[in-house]
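Asks: can't give you the sequence, but here's the structure:
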């Protein structure tokens, strides 16, 4: 018997979910098929089967044996999986039967490689997995789709509860279900719910009875109370004027009246009322009647006196109100479903750029594995700046972390991966941040590889005769382009010359290149695009060859021989056009930086700047120049700093270790969910030239009422299985504000004591836990991870410098944890993080995520949000 993955859904949902309607998983996949599981060490025959109701792929394994469909991040098949097929030495004919799944397990990326026996079998598995994963991913992009979500939940837990497969749930099986749902019911409560779902006293629940039980379990008394409160102050009804008032006052909606009417129409029901000029007799909680044709004429009796005609009055019922609060029309993230909306025609340096550090690593900085996977993952998450550390290989360059035990990956494989995935999720330019450690000969090979892989997308320009830039092009100008950023040794040498005092002694004006082998030198000389000889023909020829270096006079260069010797391919220099790497030698016009000059600062160096008045200089520099920040070398476990601190100083390219799911990674992902997930976010006005805004400072309080949570997830073990224990969680909610370094110049705040604002009495008042963190938490709810209710108001004071747009750089994190949570040892139950500027006001459901930022299908946190001005 086949298994449909979803039931048809009525109304507007059906058309939006046609991806999952009428899809049936083939019987062969449900019962299982023998296939070959391929790994680097060995290949072995394994029985694989697909369980659409439980949402997983199952196979026999001593380590795991389960791949959750929700954990799958990418599916590669046939040509798309060629990289691994070739790595495993499989013949070319196997390509049409080869399938690779990339998924997350126990906080790390994993791969599962499957070789089917036949092409037909491959097509079945490929299509089914893609369809099922698409359905799950559709549900994991926020909230809404309530009917489909409930159907998926009901099927999943029905199958899990029906342990013996007889399609009948006993009272004992329902009790076990309660443990799995993270809820503890008394025997009396359990028996009452069971009897209500079993009106015929069968002594068991069939699927229909189970659906009735689920309906009882999913009641939301806290929402019903809010609905009642609104109705009570509005004559007992919830019509459009009441909805409009609720939306504008409580939810602080900016939608027009027509837009609000369209939303109301989706969730309201037409209730028959007597047209006497009042609707007070209409019950707002009356369920909608069965659908009847709108054109059906009314039956009247002419012998009876005329009475006022019943007319339909659209009202929002309690169920409709609940559906609205859970829908994407009431999303907590203000930019939900928005495409790119910011002005993308500003100069490139006016944007924050989603950036990756040591992209090739998928683990430890000293002993980790170098692979193309890091590039694919980052690019599929809209990362726009990736890093390559390039060294000489046997015949062509390789990428790895120099002077460490990390493995090596071919630069050719990396470039082809970048070419394939660069513009899948965003059309805006890719910046390749390259550290070049290879010889001139292999630099030329590198250029050839990039030219072959990127084609016309690769930005390049002749070294000679370039026009002087006054401003960088915009992201719109650079759509579909790949830029290379590397340190241009010639430019570095010339800028250094600016800092050397003129010598009274007469010296030859010469820049020497480091000696190469004879073979390399002859290749350099034979190239029409390279400098002849070894650059010992005097300043006159050097000046002719490198005229494109702006802001530097021949007098400066003649002053003194620079310390650095030049060792760079002329071809490679031609790729450094809009992102020319230079050393940071300070700030100010006297440094001679051109608009295309970009320098990198280590985390340690940047932190020192943030603590001094030099931060002011950095902010002014980044108004019209790009700066890259990268993690300090002691972060060998690939941990991250908090990037908002450097964004607040104006830095555009703040590189993150994408292989580590920590707070820094979470902030980066939250930041670049914005602007259509384009990987670029326009900087606030205060950091783009409107300096007068930096003198504006305001104080506020974030008011958050933690109302309730629903269906908190069970934690999973290292194999991906839920940990089902007799103990039930005692959850609490911790709310944290992460605020940039606004206590230091140029913001002008004298001390952090400005955050010690008065707050109303709460069980857990806000605590300033560090100079940049304000935190508050609720009490715990005992023995309830299914539907805990707090109704606790938390108040978190904060300050803002630079105007309302700077709220983009304050991050609010909601963390659901256990009462005995140990930050160093335990994972949180669930998290949600967003820029404060994107947190919608009023009653909202937060979609909850695991520590790897994968959204839980069924778990939500219900809150009320307001921001109170203290000025």
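Replies: Thanks, I have it. Because the structure is a prediction, the values reported are computed rather than measured.
Asks: use CA for all of it now, contacts and neighbours both
Replies: OK.
Asks: Mind listing what's buried along the longest helix anywhere in the chain?
Replies: If you go by DSSP state H, the chain has its longest helix at helix 119-139. Across helix 119-139, burial judged by 16 or more other Cα atoms under 10 Å covers 121-122, 125-126, 128-139.
Asks: tell me the mean pLDDT for that helix?
Replies: For helix 119-139, the mean per-residue pLDDT is 92.
Asks: Next: stretch 390-399.
Replies: 94.
Asks: and if you look at stretch 215-230?
Replies: 93.
Asks: Which is the succeeding secondary structure element to the lowest-mean-pLDDT helix or strand in the chain?
Replies: Lowest mean confidence among the helices and strands of the chain (mean pLDDT, DSSP states H and E): helix 12-16, at a mean of 30. Sequence order places strand 24-25 as the next helix or strand after helix 12-16, per DSSP states H and E.
Asks: who does the following helix or strand past that next one touch, helix- and strand-wise?
Replies: Using DSSP H and E, the helix or strand that follows strand 24-25 in sequence is helix 27-31. If you count contacts as 3 or more Cα pairs under 8 Å, 6 or more residues apart in numbering; DSSP states H and E, helix 27-31 packs onto strand 43-51.
Asks: Partner strands of the strand it packs on, with direction?
Replies: strand 33-38 (antiparallel), strand 56-59 (antiparallel) (DSSP bridges).
Asks: Name the residues of the longest one that are buried.
Replies: The neighbour-count check on strand 33-38 (16+ other Cα under 10 Å) flags 33, 35, 36, 37, 38 as buried.
Asks: List of residues touching that strand?
Replies: 43-49, 88, 112-117 (Cα atoms under 8 Å, 6 or more residues apart in numbering).
Asks: let's see 6 Å
Replies: 43, 44, 45, 46, 47, 48, 113, 114, 115, 116 (Cα atoms under 6 Å, 6 or more residues apart in numbering).
Asks: so where's the stretch 51-200 of the chain uncertain?
Replies: For the stretch 51-200 of the chain, the stretches with pLDDT under 70 are 142, 144.
Asks: Now with 80, please.
Replies: 62-64, 106-107, 138, 140-149, 163-164 (pLDDT under 80).
Asks: can you give me the helices in it?
Replies: 82-87, 119-139, 146-161, 171-180, 187-197 (DSSP state H, counting those that start in this stretch).
Asks: mind checking which of these is nearest residue 398?
Replies: Closest approach to residue 398 among the helices of the stretch 51-200 of the chain (Cα to Cα): helix 82-87, 16.1 Å.
Asks: Give me the buried positions along stretch 684-704.
Replies: 684-688, 694, 697, 699-704.
Asks: Give me the mean pLDDT for it.
Replies: 90.
Asks: What lies in contact with it?
Replies: Applying Cα under 6 Å, 6+ apart, the set of residues contacting stretch 684-704 is 623, 793-802, 805, 864-870.
Asks: rerun at 7 Å
Replies: 350, 619, 623, 650, 747, 793-803, 805-806, 863-871 (Cα atoms under 7 Å, 6 or more residues apart in numbering).
Asks: Quick one: mark the members of those that sit in strands.
Replies: Among these, the ones falling in strands (DSSP state E) are 793-801, 863-869.
Asks: Let's see if you can find the most crowded of those residues.
Replies: The most crowded member of these, judged by other Cα atoms under 10 Å, is residue 795 (29 neighbours).
Asks: so what's that one closest to, chain neighbours aside?
Replies: Excluding its sequence neighbours, the residue lying closest to residue 795 (Cα to Cα, 6 or more residues apart in numbering) is residue 703, at 4.7 Å.
Asks: where's the one you found relative to residue 445, distance?
Replies: Residue 703 sits at a distance of 58 Å from residue 445 (criterion: Cα to Cα, to the nearest Å).
Asks: just residue 35 next, same as before
Replies: 41 Å.
Asks: count of residues packed around residue 465?
Replies: Residue 465, neighbours per other Cα under 10 Å, totals 12.
Asks: which SS class is it?
Replies: coil (DSSP: H, G, I helix; E, B strand; the rest coil).
Asks: and it, backbone torsions?
Replies: phi 80, psi 20 (degrees, to the nearest 10).
Asks: Same check on the one 3 residues further on?
Replies: Per-residue torsions, residue 468: phi -70, psi 130 (degrees, to the nearest 10).
Asks: same check, this time on the one 3 residues further on
Replies: Dihedral angles phi and psi of residue 471 (degrees, to the nearest 10) take the values phi -160, psi 150.
Asks: which residues touch it?
Replies: Taking Cα under 7 Å, 6+ apart, one finds 347, 595 in contact with residue 471.
Asks: and the helix or strand that contains residue 655, what does it pack onto?
Replies: Assigned by DSSP H and E, residue 655 belongs to strand 653-656. Helices and strands touching strand 653-656, by 3 or more Cα pairs under 7 Å, 6 or more residues apart in numbering; DSSP states H and E, are strand 351-356, strand 626-630.
Asks: Can you list the strands that the shortest one pairs with?
Replies: According to DSSP bridges, strand 626-630 forms sheet pairs with strand 597-602 (parallel), strand 653-656 (parallel).
Asks: and the next element down the chain from the first one?
Replies: In other words, strand 597-602. Following strand 597-602 toward the C-terminus (DSSP H and E): helix 603-610.
Asks: can you give me the mean pLDDT across that following helix?
Replies: Computed over helix 603-610, the average pLDDT equals 90.
Asks: Residues touching it, excluding its own?
Replies: Outside helix 603-610, the residues that reach it (Cα under 7 Å, 6+ apart) are 615, 629, 630, 631, 632.
Asks: Kindly recompute the last result at 10 Å.
Replies: 600-601, 614-618, 628-633, 640-641, 643, 645-646, 648-649, 651, 654-655, 741-746 (Cα atoms under 10 Å, 6 or more residues apart in numbering).
Asks: Give me the phi and psi angles of residue 381.
Replies: Dihedral angles for residue 381 - degrees, to the nearest 10 - are phi -110, psi 30.
Asks: Contacts only, for it.
Replies: Shown in contact with residue 381 (Cα under 10 Å, 6+ apart): 354, 375, 424, 425, 426, 669, 672, 673, 677, 678, 679.
Asks: gap between it and residue 110?
Replies: With Cα to Cα as the criterion, residue 381 and residue 110 are 17 Å apart.
Asks: Ok, residue 116 next?
Replies: For residue 116 relative to residue 110 (Cα to Cα), the value is 20 Å.
Asks: quick one, which of those two is more surrounded?
Replies: Higher neighbour count among residue 116 and residue 110: residue 116, with 21 against 15, using other Cα under 10 Å.
Asks: Am I right that the more buried one is in contact with residue 122?
Replies: Yes: if you go by Cα atoms under 10 Å, residue 116 and residue 122 touch, sitting 5.6 Å apart.
Asks: anything in contact with each of these two?
Replies: Common neighbours of residue 116 and residue 122 (Cα under 10 Å, 6+ apart) are 35, 96, 97, 98, 99.
Asks: among the residues you listed, which are in strands?
Replies: Per DSSP E, strands hold the following members of the shared contacts of residue 116 and residue 122: 35, 98, 99.
Asks: what's the neighbour count on the last one?
Replies: Neighbourhood size, residue 99 [other Cα under 10 Å]: 27.
Asks: ditto for the second one
Replies: By other Cα under 10 Å, 27 other residues sit near residue 98.
Asks: give the contact list for it.
Replies: Residue 98 neighbours (Cα under 10 Å, 6+ apart): 36, 38, 76-82, 84-85, 90, 113-117, 119, 122, 126.
Asks: Same question for residue 595.
Replies: Contacts of residue 595 by Cα under 10 Å, 6+ apart are 349, 468-472, 550, 578-580, 624-626.
Asks: Among those, which one is most surrounded by other residues?
Replies: residue 349 (28 neighbours).
Asks: roughly how far apart are it and residue 386?
Replies: Taken as Cα to Cα, the span from residue 349 to residue 386 is 17 Å.
Asks: Is the residue most central in space within the chain in a helix, a strand, or coil?
Replies: Nearest to the mean C-alpha position of the chain, by Cα atoms, centre = their mean, lies residue 669 at 3.5 Å. Residue 669 falls in the helix class when you classify it by three-state DSSP.
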